[in-house]
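Participant: coords please:
(2 chains)
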Amino acid sequence: MDYLLSHEDMQAFWVTLKLAAITTLLLLVIGTPLAWWLSLRKTWYRAVIEAIIAMPLVLPPTVLGFYLLVAFAPQGIIGKTLNVMGLAPLAFTFTGLVVGSLIYSMPFVIQPLLNAFHGVGRKPLEAAATLGASPLDRFFNVAVPMAKRGFITAITLGFAHTLGEFGVVLMIGGNIPGETQVLSIAIYDHVEALEYQQAHVLAAVLVLFSLILMLLLYSNNRSRAILPDDV
Amino acid sequence: MMFEIRTRLPRSGFDCEFDTRLEARGGYAIIGPSGSGKTSLLRFIAGLEKGCNSFLTFDGNLWQDDKRGLFVPPHKRRIGYIFQDILLFEHLSVKDNLHFGKKRAPSNGAIVAGYDEIIELLDLQSLLKRSPDALSGGEKQRVAIARALLTNPVLLLMDEPLASLDPESKNTILPYFERVTQHLDIPILYVSHSLDEVTRLADHVLYIERGHILTQGAMRETVARLDLPLAHLDMAGTVVSAEIADQDNQFNLSILHSSAGTFSVEQLPYPLTTKVRLRINARDVSLCRELPTDTSILNCVAATVIDLADDTQAHVVVSLAAGDEVLLARITRKSAHTLGIKPGVKVYAQVKSVVLMH
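Facilitator: Below is the predicted model of the structure:
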């Protein structure tokens, strides 16, 4: 093990896992009510919100990272606010990484949830209402179970996408081993230092991990086959 | 149980404006052309649409009064709603679908029917463990009815419950609907555009056209009114009450007595004096001035012309009084002219076939 993964590499591995897990969890907590609310009514500002959430899909991560870095700086909006509240600055901290990842991975969680809630549609909820279910009851006992596949997709994509984060982390996280150094950055460092052997191992770990996640995702999403099994 | 309904429901094309009181007892059919606002009325009553300047009371319960800003949400109205597209919860088994409503039913108030009675009425015992997607359309609709009844509702709303079913399923499920309307003491508003369903299930009819209530009244009288479109539908016809008076075992016929006269029908496996309802379609009735002899048609009753109205360019519809019953006959304008059909004229109505209902 020592030979395959150095102590620093192991640390990068755990930081990455921790970052992905916390980000996914927080995104579910924020994203579920947001997606539910967006799916309920069609208002002019829904398009605006959806567009903003989708921005990380098209922007280079460095652009996102750059703006975050500016905002995190002591003179930046977030930096100033934190300073006033007597809190430590976010740049080059793990918390900063989490904030960055939340924005970076948001569309990958919200979009599947939004699609799933749209797929459930208004009708089963109306049926539940006539059966005596209150709005909250309808959400937990009809909308969520019927949107189950959407939740699994959201969790898998949110987690996997955060695993592969590079640009944003590079801009705001720096490269502090055990604190903000994630796998993708560690690989970059190894390559820069011409340590191809270590880079190979870490890259393989990421490939394997991502493959397993995608396998989980697609085996869940495999809709019923058109032909029966024995044909 | 009195309904008071006042609302305006904006729609593309035209607004629905309803302002009516009606006595909801037994089966109440809401009938009218597609897109005339029947479903909108039902959704308004259930609280799924709010409308403008609305006021709604049912049996002493104030459900909506916009002037006072009062609105009882759907889940607190205790209304059973049967949707056209059925809407069972696919993530739950049949049994859990039934329990979904039962668990949330208020414990106070009279019980429409017990669990076992409802399962029995709709014949669901063998389906309980199945998943909804393993059921046929007709079976799903039976589950949906039971699920609605188990919420112990004060009112049952049915929005074209047979529209999404194929003709065969329709025929197998209609008897269940008849059982529900006959066995349970609960007012039912039933949206339909099938005269067949209406004559089977409803005592009263509300006719809606382009978002307005054209008329409301007893089903038997309304379907026979020549000034309404109902008497001019292809399936136009009226309902006659009768009872089994005799069994003709030699020719396998049952002899039915009604105030309109005697009808012979294919033998029924029921005891004497069993009450039955017959539907007689306008297109199956022909008229003669003299009592016809040497004819293959067995059923012929004496009647008096009440009125006649133009139907198609070549046809007229004639309404006839036969005893206490009303019959409709669709005949050609030429025949009406030749026979001198006008109000008060005595005729013989030959009935080619009757549809039996229970």
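
Participant: Which positions in chain A make contact with chain B?
Facilitator: A:123-124, A:126-134, A:137, A:141-142, A:145-146, A:148 (C-beta under 8 Å from any C-beta of the partner chain). Heads up, the C-betas are built off the backbone N, CA and C, glycines and all.

Participant: If we use 6 Å, what do you get?
Facilitator: By C-beta under 6 Å from any C-beta of the partner chain, the residues of chain A that approach chain B are A:123-124, A:126-127, A:129-134, A:145-146.

Participant: Tell me the one of those nearest B:Arg21?
Facilitator: A:Thr130 (23.6 Å; C-beta to C-beta).

Participant: Can you name the residues that contact that closest one?
Facilitator: By C-beta atoms under 6 Å, 6 or more residues apart in numbering or on different chains, the contact set of A:Thr130 is B:46, B:74, B:79, B:81.

Participant: tell me, which of those residues make contact with chain A?
Facilitator: Applying C-beta under 6 Å from any C-beta to these, one finds that B:46, B:74, B:79, B:81 fall near chain A.

Participant: For the longest helix seen in chain A, list every residue counted as buried.
Facilitator: The longest helix of chain A (DSSP state H) is helix A:7-40. Buried residues in helix A:7-40, counted by 16 or more other C-beta atoms under 10 Å in any protein chain shown: A:9, A:11-13, A:15-17, A:19-20, A:22-24, A:26-28, A:31-32, A:34-36, A:38-39.

Participant: How about stretch B:223-236?
Facilitator: Applying 16+ other C-beta under 10 Å to stretch B:223-236 flags B:223-226, B:228, B:230-233, B:236 as buried.

Participant: Measure how far it is from the centre of its chain, please.
Facilitator: 14 Å (C-alpha atoms, centre = their mean, to the nearest Å).

Participant: Would you mind giving the residues of chain A next to chain B as JSON lines with secondary structure and pLDDT added?
Facilitator: Below are these laid out as JSON lines (DSSP: H, G, I helix; E, B strand; the rest coil; pLDDT from 0 to 100):
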{"residue": "A:Lys123", "secondary structure": "helix", "pLDDT": "93"}
{"residue": "A:Pro124", "secondary structure": "helix", "pLDDT": "95"}
{"residue": "A:Glu126", "secondary structure": "helix", "pLDDT": "95"}
{"residue": "A:Ala127", "secondary structure": "helix", "pLDDT": "95"}
{"residue": "A:Ala129", "secondary structure": "helix", "pLDDT": "95"}
{"residue": "A:Thr130", "secondary structure": "helix", "pLDDT": "95"}
{"residue": "A:Leu131", "secondary structure": "coil", "pLDDT": "95"}
{"residue": "A:Gly132", "secondary structure": "coil", "pLDDT": "93"}
{"residue": "A:Ala133", "secondary structure": "coil", "pLDDT": "94"}
{"residue": "A:Ser134", "secondary structure": "coil", "pLDDT": "94"}
{"residue": "A:Pro145", "secondary structure": "helix", "pLDDT": "94"}
{"residue": "A:Met146", "secondary structure": "helix", "pLDDT": "93"}
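
Participant: any idea which of those residues has the most stuff around it?
Facilitator: When the residues of chain A next to chain B are compared by neighbour count (other C-beta atoms under 10 Å in any protein chain shown), A:Leu131 ends up highest, at 28 neighbours.

Participant: Next secondary structure after the helix or strand hosting B:Ala321?
Facilitator: Per DSSP states H and E: B:Ala321 is located in strand B:315-322. Sequence order places strand B:325-332 as the next helix or strand after strand B:315-322, per DSSP H and E.

Participant: how far does that following strand sit from the chain's center?
Facilitator: On C-alpha atoms, centre = their mean, the centre of strand B:325-332 falls 20 Å from that of its chain.

Participant: Name every strand pairing with that strand and say which way it goes.
Facilitator: strand B:315-322 (antiparallel) (DSSP bridges).

Participant: Put the alpha carbons of the partner strand into CSV.
Facilitator: C-alpha atoms of strand B:315-322 as CSV (Å, rounded to 0.1, in the frame of the first residue of the first chain):
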residue,chain,number,x,y,z
HIS,B,315,-85.6,12.7,-40.1
VAL,B,316,-87.9,13.8,-37.3
VAL,B,317,-87.9,12.7,-33.7
VAL,B,318,-91.4,12.0,-32.2
SER,B,319,-92.0,11.9,-28.5
LEU,B,320,-94.8,9.6,-27.4
ALA,B,321,-96.8,9.0,-24.3
ALA,B,322,-97.4,5.4,-23.5
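
Participant: returning to what we had before: which members of the contacts of A:Thr130 are the farthest-apart pair?
Facilitator: Maximum distance among the contacts of A:Thr130 (C-beta to C-beta): 8.2 Å, for B:Pro74 and B:Tyr81.

Participant: anything in contact with each of the two?
Facilitator: Joint contacts of B:Pro74 and B:Tyr81 (C-beta under 6 Å, 6+ apart) are A:130, B:46.

Participant: Give me the more crowded residue out of these two.
Facilitator: Set B:Pro74 next to B:Tyr81 and count neighbours by other C-beta under 10 Å: B:Tyr81 wins out with 28 against 23.
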